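S.K.: got a structure for you, letters missing:
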């Protein structure tokens, strides 16, 4: 029984700490508990690992802590950076390696359990990964087509499913029949796919991390990013969720600090719209009980970058002494919105409105493609390098080997 004392102690401290965190957060202005429970859980785990390792006279836990510290420094310096996803994933890799060392050094049941869960997850992905992904993408595409418009932007999961299907047919039935030199050249396909998967995984990681924004209740402005109007005059459900999220923060801040932020409705008038998005958004906010004096219109922007730039101009004119600002959009869009805010010179984090679960895969794919286009030269350089190398290898197979 004595051999299990460290594990039992950790379990008790872990559970009591999370319970205390929940009770504490419910008494705060912001009742969110998940983020703070994650922080406590990670802190408790690091303390437990350090104590177990100190008992055997080593302290290699400093290595993953160093990587985690580097990630935190980069993240809090500028949250909306793709490099943050890479840094966090490097930390996870180093931490995973450290857990293996800790298991063999201390025989910890806690560490063994964590590694067992990770191993089972990896085995499931290896066994069913791409096949399951293709089936899921077809199912998701069918749901999106049924519930949304048939625009190209809403068919991304279907297009990806078709591409992966063609690749699997080629890989299982055609690749083995090709001459060596042609197989060598076509090896560029899985290499390019692997590169874009790594980029997507880093993007998805940092997008998820960005959801944990907790702006303080001391904001002067809340920018609401516009979106297309229904029939050119009515706020769409997607846009309504953005406005509702801003109104929710507006009211929570007013309740907590008795300070009313100004809602900056940002969106111009499209060629097929009868009024500006900003005007439609303002009308919707008025219907929700927001006073007219707390609504500001920015009705010239046509892109997210212009949303940020033109809103900044409005706020600079109204508050030349300085101000605090956040922006509201859908949860899948706030990371890219944060990148554009940085480009516009705004120090603003985003708050994300919930999106229907069935639409998230398609939405994140669209955001991913937009992110790729923002750095297309870098990606073209990598793809070009892969093509050159596989072409050279193919020529060696054809003429030398």
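M.R.: Now that the structure is in, tell me what you want to look at. All of these numbers come straight from a predicted model, not from anything done at the bench.
S.K.: for residue 223, list the residues it contacts.
M.R.: 264, 266, 307, 308, 311, 325, 326, 327, 328, 348 (C-beta atoms under 8 Å, 6 or more residues apart in numbering). For glycine as for every other residue, the C-beta is placed from the backbone atoms N, C-alpha and C.
S.K.: just residue 288 next, same as before
M.R.: Taking C-beta under 8 Å, 6+ apart, we find residue 288 in contact with 243, 244, 247.
S.K.: you'd agree the second one is up against residue 353?
M.R.: Yes: in this structure, residue 244 sits in contact with residue 353. The criterion is C-beta atoms under 8 Å, and the distance is 6.6 Å.
S.K.: quick one: contacts for residue 82?
M.R.: Residue 82 neighbours (C-beta under 8 Å, 6+ apart): 202, 203, 206, 371, 375.
S.K.: neighbour-wise, which of residue 244 and residue 353 wins?
M.R.: Each of residue 244 and residue 353 had its neighbours counted (other C-beta atoms under 10 Å), and the higher figure belongs to residue 353 (22 against 17).
S.K.: how about the more buried one, phi and psi?
M.R.: Main-chain dihedrals, residue 353, degrees, to the nearest 10: phi -80, psi 150.
S.K.: that one bridge partners, please.
M.R.: Beta bridges link residue 353 to residue 330, judged by DSSP bridges.
S.K.: hang on, it packs against residue 333?
M.R.: No: with contact defined as C-beta under 8 Å, residue 353 does not count as touching residue 333 (9.1 Å).
S.K.: neighbour-wise, which one of the contacts of residue 82 leads?
M.R.: Highest count within these by other C-beta under 10 Å belongs to residue 206, 24 neighbours.
S.K.: element containing that residue, please.
M.R.: Using DSSP states H and E, the element containing residue 206 is helix 188-210.
S.K.: list the contacts of that helix.
M.R.: 75, 79-82, 84-86, 88-89, 167, 170-171, 332, 334-335, 338, 350, 364, 367-368, 371-372, 379, 382-383, 386-387, 390.
S.K.: give the buried residues for the lengthiest helix in the chain.
M.R.: In the chain, ranked by residue count with DSSP state H as the criterion, the top helix is helix 109-147. Residues of helix 109-147 classed as buried under the neighbour-count rule (16 or more other C-beta atoms under 10 Å) are 110, 111, 114, 115, 134, 137, 138, 140, 141, 143, 144.
S.K.: just curious, which of those is nearest to residue 96?
M.R.: residue 115 (8.0 Å; C-beta to C-beta).
S.K.: one step back: next step: the contacts of residue 223 restricted to helices.
M.R.: 307, 308, 311.
S.K.: sort out which one of those residues lies nearest residue 97 for me.
M.R.: Nearest member of these to residue 97, counting by C-beta to C-beta, is residue 308, at 40.1 Å.
S.K.: so how far is residue 336 from the closest one?
M.R.: Counting by C-beta to C-beta, to the nearest Å, the gap from residue 308 to residue 336 is 11 Å.
S.K.: all set, thanks.
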